[in-house]
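[1] Predicted model and sequence below, questions to follow.
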Amino acid sequence: MRRLSRCCPDHMCSSKWTKADVIQEVVMNLLLMRAGFPPLRIQPEHRAAYFTALDECRFESPKAYVEWIAAQAEAELDFWLGALAS
């Protein structure tokens, strides 16, 4: 776990992230990349929406989580395409 915490993205190194949160994001990104999608960064301003969607996925339906992932993947692709265009 120490290696993981040393290489975690800056936005995850705040004290509000637990080790379980970091592991969950790493696993989520591994699964996304294996499926051909870009890894997602969960920005601090999107953290509450992420956890809400994750809770809905656990207790109700995965629809909100899938929609959140899709919206974030689109935003991430826009970010990187914009960076390549400039």
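    All right, it came through fine.

[2] Make sure Ala64 is actually in contact with Thr52.
    Yes. Assessed by CB atoms under 8 Å, Ala64 is found in contact with Thr52 at 7.4 Å. Where C-beta positions appear, they are placed from N, C-alpha and C, glycine not excepted.

[3] Under a three-state scheme, what state does Pro39 occupy?
    coil (DSSP: H, G, I helix; E, B strand; the rest coil).

[4] who's in contact with it?
    Taking CB atoms under 8 Å, 6 or more residues apart in numbering, we find Pro39 in contact with Asn29, Leu32, Met33, Glu76.

[5] Let me know the distance separating the second one from Arg47.
    Spelled out, that is Leu32. 18 Å (CB to CB, to the nearest Å).

[6] now swap in Cys57 and tell me
    Cys57 is 15 Å from Arg47, by CB to CB.

[7] Now do stretch 55-73, average pLDDT.
    Stretch 55-73 carries an average pLDDT of 88.
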